[in-house]
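1. okay, sequence plus prediction incoming.
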Amino acid sequence: MPSRFTTLLRISLALAFAFGGCEAAPKPSPSAQPPADQSQRTVPTPSNEAATPPADAVSTSRQAEPTSPPPEQPPGPTQPRYADVDWPHLKVDLNNKVVEIEGFSGIHKGWLEQIICLAGTRTHESVLITEAKPSHIHAALLLIGLEPGRPGLWKIDPDDPKGEKWIVEPPRGAAVSITVQWTDTQEQQHEVPIRQWVRDFHGHDLLPDEPWIFGGSMMKADYTGEVGYLADRTGSIAGLVTFGDELLGWCEVLPDQEAVMAPEWEANTEAMPEPFTPVTIRLRPASTQQ
């Protein structure tokens, strides 16, 4: 059973913490002895000597010292928010303004006229193939805030009797970047601008770092008179040469006739996976290209 002195000491310490903030009473010296006369025993009073408060004690007399704010971190990607649309083989991330298209790699050798085409159409001249419908891709680009213009075109100058001059009208519309993501045979993921899959035949220079233009193809009647989205029939989603029907066009007009302009661009074989490798094609506003 604790002695009366011990009980009083505990009460004194409790009062000191209750009314004196974090100042605690010192422990009595080991040499201190209680007076012989128990009736004259007094309660020790706190001195100016500071004691370390318990870990869970909260100070009421002093404020916590301010702490330095954590260093700023670079902003990460925004959490995706996909549009509620039922368009096969593509998704629309509204927060990050990205159209994601399922596809696979096409040819990896030879001349190129297309960058992306619809399966079953111009696959013999395209590095990327998808089953996503071009008109759905057009609508997806609208959802991320891009405005279409018109495809580019070229034609022989009717005033040139020799037919050696041609008239060019560059495509108009919002600027778009195209990247492609895939997983290699070592399970390593890659994502690169599509220009890295296209090189010049002569010096093997890569396609210039320029945007693609959202011309938007066009509505046109077929041979039955039914009006529809032209790229849905021709399959031209992203054209390198200018057919005039492409959803996305290269910013420079390149005639599609070899007699007018010799082929220049070919597949950059060493940078590409094998044909039919599954890929994700990403379309973004050109200003947010990664």
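-> Great, that's in hand.

2. got a list of what Gly239 touches?
-> Shown here is Gly239, whose contacts under the criterion CB atoms under 8 Å, 6 or more residues apart in numbering are Glu113, Gln114, Ile115, Asp245, Glu246, Leu248, Gly249, Trp250. C-beta here means a position set from N, CA and C on the backbone, and glycine is covered the same way.

3. mind doing that once more with 10 Å?
-> The neighbours of Gly239, taking CB atoms under 10 Å, 6 or more residues apart in numbering as the test, are 113-117, 122, 125-126, 151-152, 171, 212, 215, 217, 231, 245-250, 254, 256.

4. bridged to Ile213, which residues?
-> In this structure, Ile213 bridges to Ala175, Gly249 when assessed by DSSP bridges.

5. tell me how far it lies from Ile144.
-> To Ile144, Ile213 is 16 Å away according to CB to CB, to the nearest Å.

6. and Pro171, by the same measure?
-> Computed as CB to CB, the Pro171 to Ile144 distance reads 19 Å.

7. show me which of the two is the more surrounded one.
-> Pro171 (25 against 21; other CB atoms under 10 Å).

8. what residues are up against that one?
-> Taking CB under 10 Å, 6+ apart as the test, what Pro171 contacts is 148-153, 212-216, 239, 242, 244, 246, 248-253.

9. of these, select the buried ones using a PyMOL command.
-> Buried residues among the contacts of Pro171 (16 or more other CB atoms under 10 Å), as a PyMOL selection:
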select buried, resi 148+150+151+152+153+212+213+214+215+216+239+242+244+246+248+249+250+253
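
10. can you tell me which of the contacts of Pro171 are in strands?
-> Taking DSSP state E, the ones among those that sit in strands are Pro148, Gly149, Arg150, Leu153, Trp212, Ile213, Phe214, Gly239, Leu248, Gly249, Trp250.

11. the first one touches Gly215, doesn't it?
-> Yes: contact between Pro148 and Gly215 holds when scored by CB atoms under 10 Å: they sit 6.5 Å apart.

12. overlap in contacts of the two?
-> Counting by CB under 10 Å, 6+ apart, the common neighbours of Pro148 and Gly215 are Pro171, Arg172, Gly173, Ala174, Leu247, Leu248.
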